[in-house]
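>>> okay, sequence plus prediction incoming.
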Amino acid sequence: MTKYVLAGGSDRLYPDYGKRLADFVNNEVKFPRLLGCFFSQSKEERESKRADWEAWYDSYFPTAKSLLIADEEHFLEQIAESDVVYLHGGETRRLKEALPDAKIMRKVFDGKIVVGSSAGANCLTYTSYSPSADSIQKGMGLIDIGVVVHYGASSFNGKEYTVDQWRRAVTGVKSQLGDRPLLLLPEGNFTVIEQ
């Protein structure tokens, strides 16, 4: 059974998010082996993102057995060596292009905790709204739902958002879902889905 943790994004702005996520993970795995994946960032940005996040991981996961940073060449092997895979935010399209196909990902994620924040959540689900791209996007469909991340935020990535824009985003995602459920994820929040 895989435990997918879908997060609304802007994680480090919400200290309670880190504490709640760590409580969940540590309840599942006493000394977790963590894998941080920054494939949603350009290759040039990945190293700085990694440095930005190391202190966060150290703060919230002090009992972690190890912290690996994903690289595309060894990603599948790194997943096999990890208990928790954290798909960080950035560009959904970039992340989706960097990952192997859904059939492979479903198999290698089996039995893991997979955190998808913002672009990570978008990528894991059937379809989503990307506020930075201002578009409805297809995900990998590992979780057969729709998602709207950063839901209700008044601003994101330097852009202002209104209630009407969020309503339009929800309507747009719903139009692509058929009978699938829709999950609205405000920043600093997460939902766990087991399958």
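Everything's here; your move. Residues are numbered from 1 along each chain as shown.

>>> what ranges do the strands span in the chain?
In the chain, the segments counted as strands under DSSP state E are 3-7, 33-37, 66-69, 84-87, 113-117, 125-130, 135-138, 143-149, 155-156, 159-160, 182-185, 190-194.

>>> so of those, which one's packed in deepest?
Compared across these, strand 113-117 shows the largest average neighbour count, a mean of 27 (mean count of other C-beta atoms under 10 Å). Placement of C-beta: from N, CA and C, glycine included.

>>> returning to what we had before: for Val170, which of the strands of the chain is the nearest?
Of all the strands of the chain, strand 143-149 sits nearest to Val170, with 5.9 Å by C-beta to C-beta.

>>> what's that closest one packed up against?
When contacts are defined as 3 or more C-beta pairs under 8 Å, 6 or more residues apart in numbering; DSSP states H and E, strand 143-149 sits against strand 3-7, helix 119-124, strand 125-130, helix 163-177, strand 182-185.

>>> can you do 7 Å?
helix 119-124, strand 125-130, helix 163-177, strand 182-185 (3 or more C-beta pairs under 7 Å, 6 or more residues apart in numbering; DSSP states H and E).

>>> list the contacts for Val163?
With C-beta atoms under 7 Å, 6 or more residues apart in numbering as the criterion, no residue contacts Val163.

>>> circling back: next, format the helices and strands packed on strand 143-149 as CSV and append distance to Ala80.
CSV is the format used below for the helices and strands packed on strand 143-149 (distance: least, C-beta to C-beta, whole Å):
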stretch, distance to Ala80
helix 119-124, 19
strand 125-130, 24
helix 163-177, 33
strand 182-185, 28
